[in-house]
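Visitor: I'll drop the sequence and a predicted model, then ask my questions.
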Amino acid sequence: MNLSISTIILTYNEEQHIERCIKNAQQFSESIYLIDSFSSDRTIEIAESLGAKVYQNKWENNHSKQFNWGLKNLPITTDWIFRLDADEYLTDDLILEINNKVPHLKSNISGVVFERKMFFLNTLMTKGMLQMNMLRLFKFQHGFCEERWMDEHIILTKGESILFNGYFVDHNLNTLGWWIQKHNNYSIREAVDLLDLELNLLKPVTEQAEQYALSADAQSKRNKKKKYANMPLFWRSLFYFVYRYFFKFGFTQGKEGFLWHFLQGWWYRTLVDAKIYEIKKECDSDKNKIKHYIQDKYNLNLNQ
């Protein structure tokens, strides 16, 4: 019997992943909702054929707004919400753990944290990775997603969180070229996030987020990111790659390990630093100039 859980999946042209994702979620969910940003492929057709309920909403800059729109507008009747990406799925052990443990959680537990692991070139990255724990399951009306340009987290408004033993995976099936283009697009958003940590560039997009604390895992990740933001440009991406690839034994996973740590741990973060360097070269540390530059050159409105 499925638990009183609604799984929410944000989609845009995810026909390659959506069947796998929905069938996985059906093993622990009572209801599955798609919030679709007007896909032009077979995403909606596939989802509806599998029994998922599809709602469409215009995309507005970030995942957080889309997810929070769902919390306010979907006809949710379950006790719990699970936030799942279309290219993610839970392992069998984690599904079993959820089905066995969630009905018996203490009343003060409003959120559950899980480890996320990554596939790259169809290889599970087990070496060189820092553990990524994320709060993805929470009681309905006990949480929301903080609205940030990158690195957004679920924030609980009531209760406490607990860490489960199992993990879920991010296993995207697109090409390496798609991955590179995606991270090129992400890099300006990551640059904005780092500039914000360094210069207090932005006000919190979600004012409600100031009232509540992040989970311990999310706060630890945010603190590490603040330390990274204060390190010298370009050197920090090199140090990060060396730490992951050599000191955390990323080199033991062959060609896939090298490509993952080089591209995600060095190339991507160097690209982020290059965009920060570009912005500062034009604007120095003038916050208004930076905002106008990013709006003009990258079409991101930081005043939203």
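Guide: Structure received.
Visitor: only C-alpha atoms from now on, for both contacts and neighbour counts.
Guide: Noted.
Visitor: what is the neighbour count of the closest residue to residue 42 other than its chain neighbours?
Guide: Of all residues not flanking residue 42 in the chain, residue 15 sits nearest, at 5.5 Å (C-alpha to C-alpha, 6 or more residues apart in numbering). Per other C-alpha atoms under 10 Å, the neighbour tally for residue 15 reads 19.
Visitor: mind listing the helices for this structure?
Guide: With helices called from DSSP state H, the chain shows them at 18-25, 43-49, 63-73, 92-101, 176-199, 216-229, 235-242, 254-262, 268-283, 287-298.
Visitor: any idea which of those is most buried?
Guide: Mean neighbours per residue, mean count of other C-alpha atoms under 10 Å, is largest over those for helix 18-25, with a mean of 20.
Visitor: need the contact partners of it.
Guide: 7, 32, 43, 46-47, 50, 52, 86-90 (C-alpha atoms under 8 Å, 6 or more residues apart in numbering).
Visitor: now do stretch 237-251
Guide: With C-alpha under 8 Å, 6+ apart as the criterion, stretch 237-251 contacts 127-129, 257-258, 261-262, 265-267, 269-270.
Visitor: and that stretch, average pLDDT?
Guide: Stretch 237-251 comes out with an average pLDDT of 96.
Visitor: what is the end-to-end distance of that stretch?
Guide: 17 Å (C-alpha to C-alpha, to the nearest Å).
Visitor: in contact with residue 163: list those residues for me.
Guide: With the criterion set at C-alpha under 8 Å, 6+ apart, residue 163 makes contact with 112-114.
Visitor: out of the helices of the chain, which gets nearest to residue 118?
Guide: helix 254-262 (9.9 Å; C-alpha to C-alpha).
Visitor: could you check the pLDDT of residue 64?
Guide: pLDDT, residue 64: 91.
Visitor: that one reaches residue 152, doesn't it?
Guide: Yes. Using C-alpha atoms under 8 Å, residue 64 is in contact with residue 152, at 7.0 Å.
Visitor: identify the contacts common to those two.
Guide: 145-146.
Visitor: returning to that earlier point: among the contacts of residue 163, who's most crowded?
Guide: residue 113 (23 neighbours).
Visitor: ok so, going back, could the helices of the chain go into JSON lines alongside distance to residue 140?
Guide: Formatted as JSON lines, the helices of the chain follow (distance: least, C-alpha to C-alpha, whole Å):
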{"stretch": "helix 18-25", "distance to residue 140": "17"}
{"stretch": "helix 43-49", "distance to residue 140": "23"}
{"stretch": "helix 63-73", "distance to residue 140": "8"}
{"stretch": "helix 92-101", "distance to residue 140": "16"}
{"stretch": "helix 176-199", "distance to residue 140": "28"}
{"stretch": "helix 216-229", "distance to residue 140": "20"}
{"stretch": "helix 235-242", "distance to residue 140": "38"}
{"stretch": "helix 254-262", "distance to residue 140": "36"}
{"stretch": "helix 268-283", "distance to residue 140": "36"}
{"stretch": "helix 287-298", "distance to residue 140": "35"}
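Visitor: residue 168 is nearest to which of these?
Guide: Among the helices of the chain, helix 92-101 sits nearest to residue 168 (C-alpha to C-alpha), with 7.2 Å.
Visitor: average pLDDT for that closest one?
Guide: 97.
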